[in-house]
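A.B. asks: sequence and predicted structure are below.
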Amino acid sequence: MLQLFILLACAASVPGAQQGKPAEQGTAQKEQVAVQQSPPVKDQVKAKKEDDVVRISVTLVQVDAVVTDRHGKQVTDLQKDDFEIYEDGKRQQITNLSFTSTPPPSMTGAAAPPEAKGSPALPSPPVRLRPEEVRRTIAIVVDDLSLSMGSAESVQYYLRRFVERQMQPGDLVAIIRASGGMGALQQFTADKQQLRSAVDRIRWKPQSGRIGVFNPVRNDSLQSIRKGTPPDDTRKQQLEEELDAFRDQIFTVGMLGALNYVVRGLRELPGRKSVLLLSGNFKIVPGRDLTRSPGLQRPLDRLQSSLHQLIELANRSAVVIYGLDPRGIVVPMMEAGDDVAGLTPQQRDRIVSQRRDELDDTQTGLDYLANETGGFVVAASNDLGHGIRRVLDDQNGYYLIGYVPEESTFKRTPGAAAFHKISVKVRVPGLRVRTRGGFLGVTNEEVYPVQRTPMDQLTAAITSPFTSGDVHLKLTSLFGNNAKIGYFVRALLHVDARDLKFTDEVDGWKSAAVNLVAITFGDNGVVVDQKMQSSTLKVRSEALDRTLRSGITCTIILPLKKPGAYQLRTAVRDVRTERIGSANQYIEVPDLSKGQLAISTVALGGNNLSADLNPVPSEHSSGSDTDEQIRTEAGPSVRRLRPGAELNYAFAVYNAKLDKAATPRLFMQLRLLRDGKPVYVGEAVPLSLKAQPEWKRINIAGSLKLTANATPGEYVFHISLTDTLAKEKHRTATQWADFEIVK
């Protein structure tokens, strides 16, 4: 469990722990950098409002539909007269029809060209999408509760290919494990590094009990088959079958719970929304000969209720569910792992028949979910990548079909609301249409009332993948390791004080009241630690202008018990105006116990920095108003520099190898990038290091000189460190940090 400490410091300067002299253990030569502007990337598509996709109200029922030809290609040029829509079998008059296209802006999905051999990979900084930039929102849910060992390996391989080759600009993606619990919502991102980490953590779970597609037949289970089941053992065998079926239902109910939570989170997100469910054992029936078993009735009722609730939620949230069976082509027959010696041909046929029924049952749930939400299922294919590509292509466009419902549609009678079946037909021969199965006779306004409590507002902000809001925040997380506390993250949350409301207090003070929430999630989305704090920030009246210019820095110290992948999500709410802002950051902490070369997070700023990254904040230095503002803007929490300024950097190196003279041999190369393209590439130069008692942690500091005509914009500072004494596989370590040049 992480320990989370939040220290609020109302000041217009950089946190003191980042000030001071450059580290003495290592220095780098100053360089002058001319930064030139790259062509800006313009938005080509604006996302529509979510309620434009699926709307269910007393004045309009509007659903989405996809039309394809016999080859599976989308048809985009149909008119209103080409469609018919029915509610409960009764034809409705179509009042509006439109086609919405959501193509990617520029990429084709081809793989990026490989890096030259021996050259370090350029960084892939996280893409910070704004809501209007999102084209597609994709949740890939992996049913790791029941994946077989072979299926888990296949899923990993194809999801890596998806991240590297099939993700497009404007895609907001989450890769979620069903075993990850209720933190899955926190993982929607455009950051490929974070998605790669999620893929790497997909594992086969021994408790699933599945090595292959079918459980092998063993000697103990064959005794009754060989001898014939005695009458006294009939009930025992039935109970064993019920236990197996009950176990499958528990897994399915758990899977439905994870899907339900994901769909609820998708409801508030923009873009064309889809869930890709990868499962090879998603059963919604307990077994062909057990459907009337009293012992299964209760879990079966629970499962059916959860299933219907999920479908209704997906349809109202404009989410399409697709099913992908990762088992590939499965032939239900006897396998090498089966012990079938002594079985008659009839007994073998019985086992094969049972396996055929089991295969059908495991795909029934995928078919049902997809059909009811407008998706489809990809099964019996050994190319899971092709299936993912089909799903992505299906997201590129859809028709919106609307009609005015009859008064009886939403007429409430005692008992549950009525379910209304929707069907859409296309008059053009040879075309196929997919749409949602229907809806309950309840309006969206009744289902989703407006949430106004402070906790509701903070929860919505902290679960959103977007770092936007009425209170502007900037989050900078600095990973490090020292002998005293081990692993830690020092997060600097900069709050724009101009977005807070300050009121008069006694004795010439001004105050602002804020709620601050910080939550740390592990690699699977499970909450590791959380903290909520309400504070009153006070400043002297004469210092208010300086505070408004420089902002407020909240320091969050996170000692870590172990390395790994973490998400830190924060939200700040102004109590008096109810304005809210949020910020989040993904943190990958390497395992230093493996002895491999590693670099801490790079601290950037326009001031002198300490590579020691001491997690204990020190006193803030004083200065004039102008100096305070310049230091804050150029400090590591904001990193805004002007042309001609010095870009100072500091970091720590871990696990450097030593030669016979007990000295490391390290070479460093610096790059600056904009829009993913290098605008400055320095030479690889040896680091001049002073002798010291131990070399486990080496602190490095240096600077680059920006030219006076440097073009304003957002940049990435990339550092590549090479240890010539290490093995070739672990010889190079890289790290990056972003900054901004302003006028």
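C.D. replies: Done, it's in.
A.B. asks: just to confirm, which helix or strand has Thr570 in it?
C.D. replies: strand 564-574 (DSSP states H and E).
A.B. asks: and for the residue nearest to Gly682 when sequence neighbours are not counted, the neighbour number?
C.D. replies: Leaving aside its sequence neighbours, Gly682 sits nearest to Leu670 (Cβ to Cβ, 6 or more residues apart in numbering; 4.3 Å). All C-beta spots, glycine's among them, are computed from the backbone N, C-alpha and C. Neighbourhood size, Leu670 [other Cβ atoms under 10 Å]: 21.
A.B. asks: same deal with Gly342?
C.D. replies: Neighbours of Gly342 (other Cβ under 10 Å): 10.
A.B. asks: so is it in a helix, a strand, or just coil?
C.D. replies: Look at Gly342: counting by DSSP: H, G, I helix; E, B strand; the rest coil, its state is coil.
A.B. asks: same thing with the one 4 residues further on?
C.D. replies: Using three-state DSSP, the three-state assignment for Gln346 comes out as helix.
A.B. asks: what about it, how many neighbours?
C.D. replies: The number of residues packed near Gln346 is 8, by other Cβ under 10 Å.
A.B. asks: report pLDDT for it.
C.D. replies: With respect to pLDDT, Gln346 scores 84.
A.B. asks: before we move on, what about Val163?
C.D. replies: In this model, Val163 is scored at 93, pLDDT.
A.B. asks: residue ranges with poor pLDDT in the stretch 551-700 of the chain?
C.D. replies: In the predicted model of the stretch 551-700 of the chain, residues 607-634 satisfy pLDDT under 70.
A.B. asks: 80 - rerun?
C.D. replies: 558, 606-635, 675-676, 691-694 (pLDDT under 80).
A.B. asks: first-to-last residue distance for stretch 657-675?
C.D. replies: Taking Cα to Cα, to the nearest Å, stretch 657-675 runs 35 Å from one end to the other.
A.B. asks: pretty sure Val262 sits in a helix.
C.D. replies: Yes: secondary structure of Val262, determined by three-state DSSP: located in a helix.
A.B. asks: just checking, it touches Ala139?
C.D. replies: Yes: Val262 is within contact range of Ala139, at 5.0 Å (criterion: Cβ atoms under 8 Å).
A.B. asks: overlap in contacts, those two.
C.D. replies: Counting by Cβ atoms under 8 Å, 6 or more residues apart in numbering, the common neighbours of Val262 and Ala139 are Ala174, Ile176, Val275.
A.B. asks: name the next helix or strand following the helix or strand harbouring the second one along the chain.
C.D. replies: Taking DSSP H and E as the definition, one finds Ile176 inside strand 171-177. Of the helices and strands lying after strand 171-177 in sequence (DSSP H and E), the nearest is helix 192-200.
A.B. asks: I figured the residue nearest to Gly682 was touching Ile719, is that so?
C.D. replies: Yes: using Cβ under 8 Å, Leu670 is in contact with Ile719, at 5.8 Å.
A.B. asks: which residues in the stretch 451-600 of the chain form helices?
C.D. replies: Ranges of helices in the stretch 451-600 of the chain, per DSSP state H, counting those that start in this stretch, are 454-463, 544-550.
A.B. asks: before we move on, what about the chain?
C.D. replies: Secondary structure of the chain (DSSP state H): helices at 149-161, 192-200, 219-227, 234-266, 294-316, 345-373, 384-394, 444-447, 454-463, 544-550, 625-634.
A.B. asks: other residues contacting the first one?
C.D. replies: Around helix 149-161, the neighbours that count as contacts under Cβ under 8 Å, 6+ apart are 140, 142, 144, 147, 175, 196, 199-200, 202-204, 210-213, 278, 280, 326-328, 384-385, 388.
A.B. asks: only whichever of those residues are buried, select them in PyMOL.
C.D. replies: A single PyMOL command is used to select the members of the contacts of helix 149-161 judged buried by 16 or more other Cβ atoms under 10 Å:
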select buried, resi 140+142+144+147+175+196+199+202+204+210+213+278+280+326+327+328+384+385+388
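A.B. asks: hang on, the earlier thing: closest to Thr413 out of the shared contacts of Val262 and Ala139?
C.D. replies: In terms of Cβ to Cβ, no member of those lies closer to Thr413 than Val275, at 32.8 Å.
A.B. asks: identify the bridge partners of the closest one.
C.D. replies: On the basis of DSSP bridges, Val275 is bridged to Ala139, Ile321.
A.B. asks: can you pull the contacts of it?
C.D. replies: Residues near Val275 by Cβ under 8 Å, 6+ apart: Ala139, Ile140, Val141, Leu259, Val262, Val263, Leu266, Ala314, Val319, Val320, Ile321, Tyr322.
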